[in-house]
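> Structure of the sequence below:
(chains A and B)
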Number of protein chains: 2
Amino acid sequence: MSTPTKVTPISGFPEFLPAERLLELQFLDVIREVFELHGFAPLETRAVEPVERLLGKGGDADKEIYGVTRLAGETSVKDAALGLHFDLTVPFARYVLENAGKLAFPFRRYQIQKVWRGERPQEGRFREFTQADIDVVDVGELAPHFEAEMPLVIAEAFARLPIGEFRIQVNNRKIPEGFYLGIGLSDVAGTLRIVDKLDKIGPQKVTALLLEAGATAQQAEQALALAAISSTDLSFVDAVRALGVEHPTLDVGLDALAAVITAGLAQAPGVLVADLKIARGLDYYTGTVYETQLVGSEAWGSVCSGGRYDSLASDGRTTYPGVGISIGLTRLVHLLVTRRGLTATRSTPAAVLVAVNDEDSRDASRDVAAALRARGIPCEIAPSAARFGKQIRYADRRGIPFVWFPGAAGAGDQVKDIRSGEQVEADAASWQCPEADLRPGVTTR
Amino acid sequence: MSTPTKVTPISGFPEFLPAERLLELQFLDVIREVFELHGFAPLETRAVEPVERLLGKGGDADKEIYGVTRLAGETSVKDAALGLHFDLTVPFARYVLENAGKLAFPFRRYQIQKVWRGERPQEGRFREFTQADIDVVDVGELAPHFEAEMPLVIAEAFARLPIGEFRIQVNNRKIPEGFYLGIGLSDVAGTLRIVDKLDKIGPQKVTALLLEAGATAQQAEQALALAAISSTDLSFVDAVRALGVEHPTLDVGLDALAAVITAGLAQAPGVLVADLKIARGLDYYTGTVYETQLVGSEAWGSVCSGGRYDSLASDGRTTYPGVGISIGLTRLVHLLVTRRGLTATRSTPAAVLVAVNDEDSRDASRDVAAALRARGIPCEIAPSAARFGKQIRYADRRGIPFVWFPGAAGAGDQVKDIRSGEQVEADAASWQCPEADLRPGVTTR
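Model (predicted):
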């Protein structure tokens, strides 16, 4: 058996070092805890879906899908063409249809899994990454209060993460839809797609594209005026009204967005922003949409996005409208690691290294470790009975804060905090590991 | 946008219902906690590897690999042929080579991820499943005490899971290797492959295959006699010696296996079994190998396997020998669900449903929920202000044990245990959720 000697990263498929993965896990644990506190049930779906189900569900998704085939498939194989999922919403909608008879509605679930997109990789854009989603779906009708709940759950999770200030921008697609129809622009989807490029290409180019698509100068100006409206309170409603456009769909959209912002003002003041330029790329959103930016790092783009989808899950007779939001976890953590220097305080869960006096007394070290673990203190036993200096260096290289010295020949045990050098007598059955050292913390390089 | 109306399971790609996934998560949490208590660092590797790296690393792996390609890949794309990993050991070995300069050795990691195999699906055999692995690798040499540690960490995790009694069978490939060479059978790998079928096809057919492969009747008889040896103590050594075969490799293997069993006798009596017929299918194992069976469910086959590999990770100059063991988590949980009827006590993490008196007072219910969550009590707010009977049924359908009634018009709050019907006055700032109800438990259907 020969081993290829060349190992190289694969562009777009990031891998973390242990301390970075420990940081990511801390994020995951906080996110999962908040999701569970809010009664979302955990779920996983298979990584593959029939390609025909993935196609047409995600804008340009047909360009992004990874196909999956058995390399040594027999000719008799009848597998449908399969592809890796590019998000967790499309598989979830399929799961709901498939298991509708066994689920209780409204159904709340969270889902934390890898997704794959065959996009051209660039910094902060990956071909494989982890998403953390929450969604609520119901049968036939979905109560609007869920649209306010989604971003507020995220706000609660983000407030517990070391990411600083953030803003969740909210819009309702019915606002631009009604507005465009009110000013006589009937190609709503086409206009949205152009206005969605505002942040990337600026107002001049957006205007040019709108004119090219057949809008009048005044229509283009009004579409841009709408997109410029943003407020952390309800003043966005008057700002839209001041543009003098009337349409029943616009009224529905403004009422819905006002309800979300009102809930935000009560529960997480300053976090939710009505931002009328937010559109989201995916076709399946039909109402409220969300994006999230870290204050001071707006150039990173959205780190948490979602929206309401009314017809994604339908079997022809019954429709299951839903609303959800998705944290782009890998993207978020990768940017925090590379741009803000975040990492974990150590590269292992172990808080204690139990030293080994000599190989014959490894059992005594094992007994100490077992006593510490029985009380929830993660620890590791020194791999060899090297000089103590070398054993301490072993702990130091990994950021393990404590080294435990089992007492030889009837002497008592001692534990050393290798950061301060302080060394004290200790008993494995009762020693208290400082709470802050029990798990790895977050630090900056 | 049209939605295909047909949704069907894909054979070999299992998906759990929420209560089953909650059960699986409880298993994962226990396993992860034990892994971390023992100082294994978390790691994830990308899902894909170059196909050339996967080929030849897993026996018949070339038949099992799923290839991955961009459906709309441009002709200019220079991606190497990629495949989904079929285990976590081969990617880990590659990761070690790629990051050797940034890792501290001996390097201990755990890895819990999906793997994919294009095998013909059958009950308890999946094409997509989750594995939970621990491994230790070192540079050049790996201390033998790690070979005893691996199954003992698993024993500690399994003792905390509701799976009943289990046995970890241990062998050392050097024992059959030395033994076969000692009786003049030079095709060690071929002989091992045949003897490995013992449990499936029985001794008569194994004998026939051995004779066919060129063994004498006496050689076949001795190979079978070796495979029949099994002991929970060190008596296997004498049993092998009694067969009268001599070879230096046999001595090395017996010593190594005796050391593992000795550690097991001290730390987890009765759990480790020296079983000389265990071989493992994968080519890369070079010494100790493990398999695990649940007592009373031996027909399920091994639920946790692994071994020592001395040359999997090598860049031509430096070799990183390792030893590891892998829990087949999906397989284990699936069998416990379908054969032993295990499930979670509820289908949501929520311990409390906060009732809503009327839509105008939803904010009051939200305040109750926020107070409960602030003290770590998972809860959900009723989706609509339906009759209380309907709200209670909502909780009952999900197995949520408590319904909280916010006091209307100055009255105090009350909480009802809907299992017993007991209803008491309560304050969201101080009410104690019974510890056993805080998280979903395990039950049988």
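> Quick one: neighbours of whatever residue of the stretch 201-350 of chain A ends up closest to chain B, just the number.
Nearest residue of the stretch 201-350 of chain A to chain B: A:Ala350, at 3.4 Å (Cβ to the nearest Cβ). All C-beta spots, glycine's among them, are computed from the backbone N, C-alpha and C. For A:Ala350, the count of nearby residues is 29 (other Cβ atoms under 10 Å in any protein chain shown).
> ok, it touching A:Arg398?
Yes. Counting by Cβ atoms under 8 Å, A:Ala350 does reach A:Arg398; the two are 7.2 Å apart.
> what helix or strand is A:Ser365 on?
Per DSSP states H and E: A:Ser365 is located in helix A:362-374.
> Name the next helix or strand following that helix along the chain.
Downstream of helix A:362-374, the next assigned helix or strand under DSSP H and E is strand A:379-381.
> As PDB, could you dump the C-alpha coordinates of the next helix or strand after that following strand?
Remark: after strand A:379-381, the chain's next helix or strand is helix A:388-398, criterion DSSP H and E. Extracted C-alpha coordinates of helix A:388-398, given in PDB (Å, rounded to 0.1, in the frame of the first residue of the first chain):
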ATOM      1  CA  PHE A 388       9.000  17.300  34.600                       C
ATOM      2  CA  GLY A 389      10.300  20.300  32.600                       C
ATOM      3  CA  LYS A 390       9.400  18.500  29.400                       C
ATOM      4  CA  GLN A 391       6.000  17.500  30.800                       C
ATOM      5  CA  ILE A 392       5.300  21.100  31.700                       C
ATOM      6  CA  ARG A 393       6.300  22.200  28.200                       C
ATOM      7  CA  TYR A 394       3.900  19.600  26.900                       C
ATOM      8  CA  ALA A 395       1.100  21.400  28.800                       C
ATOM      9  CA  ASP A 396       2.400  24.800  27.900                       C
ATOM     10  CA  ARG A 397       2.400  24.100  24.100                       C
ATOM     11  CA  ARG A 398      -1.300  23.200  24.300                       C
END
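> So which residues make contact with helix A:388-398?
A:346-348, A:350, A:353, A:355-356, A:382-383, A:386, A:401-403, A:405, A:416, A:418, B:104 (Cβ atoms under 8 Å, 6 or more residues apart in numbering or on different chains).
> Now the element after it, going C-ward?
Counting by DSSP H and E, what follows helix A:388-398 is strand A:402-405.
> With just CA atoms, put that next one into CSV.
Backbone C-alpha positions of strand A:402-405 (Å, rounded to 0.1, in the frame of the first residue of the first chain) are rendered in CSV as follows:
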residue,chain,number,x,y,z
PHE,A,402,-2.6,23.1,35.3
VAL,A,403,0.0,20.3,35.7
TRP,A,404,-0.8,17.8,38.4
PHE,A,405,2.1,16.0,40.2
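> What pairs with that strand, parallel or antiparallel?
According to DSSP bridges, strand A:402-405 forms sheet pairs with strand A:352-354 (parallel), strand A:414-417 (antiparallel).
> Let me know which of these is tucked in deepest.
Mean neighbour count, computed with mean count of other Cβ atoms under 10 Å in any protein chain shown, is highest for strand A:352-354 among the strands paired with strand A:402-405, reaching a mean of 28.
> ok, back up a step: just the buried residues of the contacts of helix A:388-398.
Burial by neighbour count, judged by 16 or more other Cβ atoms under 10 Å in any protein chain shown, picks out A:346-348, A:350, A:353, A:355-356, A:382-383, A:401-403, A:405, A:416, A:418, B:104 from the contacts of helix A:388-398.
> Between which two of the residues you listed is the distance greatest?
A:Ser347 and A:Phe405 (22.4 Å; Cβ to Cβ).
> Now do the phi/psi pair for A:Gly296.
Main-chain dihedrals, A:Gly296, degrees, to the nearest 10: phi 90, psi -10.
> Report the strands that pair with whichever strand or helix holds A:Glu49, each with its relative direction.
Using DSSP H and E, A:Glu49 sits within strand A:48-50. When pairing is defined by DSSP bridges, strand A:48-50 lines up against strand A:82-84 (antiparallel).
> For chain A, which residues score under the pLDDT cut-off?
Counting by pLDDT under 70, chain A has low-confidence residues at A:1-5, A:56-63, A:73-80, A:123-124, A:281-282.
> how far away is the residue nearest to A:Ala227 when sequence neighbours are not counted from B:Trp116?
Nearest non-adjacent residue to A:Ala227, counting by Cβ to Cβ, 6 or more residues apart in numbering or on different chains: A:Lys277, 3.9 Å away. Using Cβ to Cβ, to the nearest Å, we find A:Lys277 at a distance of 41 Å from B:Trp116.
> From the neighbour counts alone, determine which of the two ranks first.
Using other Cβ under 10 Å, the more surrounded residue of A:Lys277 and B:Trp116 is B:Trp116, with 27 against 19.
> Good, wrapping up.
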